[in-house]
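> A predicted structure for the sequence below; I have some questions about it.
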Amino acid sequence: MTRLSVNINKIATLRNARGGNIPDVVQTAVDCQRFGAQGITVHPRPDERHIRRTDVYQLKPVIVTEFNIEGYPDSEFLKLVTEVKADQVTMVPDAPGQITSDHGWDCIKHQHFLKDTVQFLQEQGIRTSLFVDPDPEAVEAAARTGTNRVELYTEPYATLYPTNREKAVAPYLVAARMAVQTGVELNAGHDLNLHNLTFLLERIPYIKEVSIGHALISDALWFGLEETIRRYLACIRRK
């Protein structure tokens, strides 16, 4: 079954807006797992505008499911993820000041860099995932790096879904088939929500993990965190 990893960056954004420790990022991770989430995702950025490096170290002892750390794999990021022994590292091609991830890796152009980084992380016992666009060539090139998984960038799917869900999912089906052919496992994330999640998983039922943050935390403002996680898990189970 597809696993739900809750991205708690937005909890840190709210905390940082006021200072102090409300809401408590660590307690949120504990609660998300208690409410049924099968993983916790964070994306520490160089400017620490949401998740801070200290958060990552403080979170590690309370993660009883899976700790997925996203980020651009520079030397500081690699030091962080290896020191805390992340369960999974999702590498994204973000520039330092980028607001949010908005494209996948060019796995052909950066083949050698990604291959070396994948090998380094795997030698530390860390599962690797590369953030890629829904393009079979990108998936095939990612597979040549030796990565365990790719995470399909799903914002284009989410944008088109309200008007034409079949057209929205079409490129993801092609990319997913390439993943199967090359033996790479699939994750998915970005702008997935209660409206579009089930359809994606119905069409690509072998997605191993979805990482959801912005929509899930926004929904929690109305439904509460426990009920929101229950609803997302229900979407996954209806696939």
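Alright, I've got the coordinates. All values derive from a computational prediction rather than experimental measurement.
> Give me the residues contacting the top helix by length along the chain.
Ranked by residue count under DSSP state H, the longest helix found in the chain is helix 165-182. Identification of contacts with helix 165-182 by Cβ atoms under 8 Å, 6 or more residues apart in numbering yields 132-136, 138-140, 143, 150, 152, 154, 156-161, 185-186, 188, 196, 199-200, 203-204, 206-207. For glycine as for every other residue, the C-beta is placed from the backbone atoms N, C-alpha and C.
> Write the ChimeraX selection for whichever of those residues are buried.
Buried subset of these, written as a ChimeraX selection, criterion 16 or more other Cβ atoms under 10 Å:
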select :132,133,134,135,136,138,139,140,143,150,152,154,156,157,158,160,161,185,186,188,196,199,200,203,204,207
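> Narrow the contacts of helix 165-182 to those in helices?
Among the contacts of helix 165-182, DSSP H puts 136, 138-140, 143, 156-160, 199-200, 203 in helices.
> Any chance of a markdown table for these, columns distance to Thr41 and pLDDT?
Listed next are those as a markdown table, based on distance: Cβ to Cβ, whole Å; pLDDT from 0 to 100:
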| residue | distance to Thr41 | pLDDT |
| --- | --- | --- |
| Pro136 | 26 | 97 |
| Ala138 | 21 | 96 |
| Val139 | 21 | 97 |
| Glu140 | 26 | 97 |
| Ala143 | 23 | 97 |
| Pro156 | 20 | 96 |
| Tyr157 | 19 | 98 |
| Ala158 | 17 | 97 |
| Thr159 | 21 | 97 |
| Leu160 | 24 | 98 |
| Phe199 | 22 | 98 |
| Leu200 | 18 | 98 |
| Arg203 | 23 | 97 |
